[in-house]
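**Q** fold the following, please.
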Amino acid sequence: MFRTHPRAATALLSSVLWALLLSGCGAVSGAPVPEPSPSGSAAVGCRAVMARLPGTVDGLSRTATGTFTASWGDPAVTLRCGVPRPAGLTSTSRCDEVDGVGWYSEEFTEIWRFTTIGRSGYVEVTVPAVHSPAADALVDLAAAVSAMPEVSACR
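**A** Model (predicted):
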């Protein structure tokens, strides 16, 4: 359903390290998720997203909430709002739409990472491979994520 997109070597290394952190390899389970620092319209949109987050995602209860982060379950499905544009995201990247929200998807060994496309700010959702299908989390988060203003449709 999803495919991996090419990216620069440094971006790949960063992505792999982030995926390892989230999957619990080399990190203590329950470790805090790094907080993004959005500004301007992205920060305004993120506040709206965070206010609408559900208590459960894919049947998992919320385990943590930060200013612009939240997680559900263990291993955790995580959401970070106001992240930078993914290095591999280009104008020709595939856009998968889930309940009206466009997503750029990346698959790693033990985790999926989804980042919104076409919104005034980037929202990132990581889903460990044990939670399958990974897109189920996106269905549960769509109503909240749609609070981030859309600037272009999924193509």
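**Q** does Asp99 touch Asp140 like I think?
**A** No. Asp99 lies out of contact with Asp140 (Cβ atoms under 8 Å); the separation is 9.3 Å. In short, each C-beta sits where N, CA and C put it, glycine included.
**Q** more neighbours: the two, which one.
**A** Asp140 (20 against 13; other Cβ atoms under 10 Å).
**Q** I figured that one hits Asp58, correct?
**A** Yes. Asp140 lies in contact with Asp58 (Cβ under 8 Å); the separation is 6.0 Å.
**Q** show me the helices in this structure, by range?
**A** With DSSP state H as the criterion, the chain has helices at 9-23, 40-51, 135-145.
**Q** got the contact list for the last one?
**A** Which is helix 135-145. Outside of helix 135-145, the residues within contact range by Cβ atoms under 8 Å, 6 or more residues apart in numbering are 1-2, 49-50, 52-54, 56-58, 72, 77, 79, 96, 98-101, 103, 114, 116, 119, 123, 125, 127, 131.
**Q** contacts only, for the residue lying closest to Pro34 once chain neighbours are set aside.
**A** In space, and not counting its chain neighbours, Pro34 is closest to Arg80: 7.3 Å by Cβ to Cβ, 6 or more residues apart in numbering. Neighbour list for Arg80: 33-36, 68-69, 123-124 [criterion: Cβ under 8 Å, 6+ apart].
**Q** now with 10 Å?
**A** Residues in contact with Arg80 (Cβ atoms under 10 Å, 6 or more residues apart in numbering) are 18, 33-36, 38, 46, 66, 68-71, 115, 122-126.
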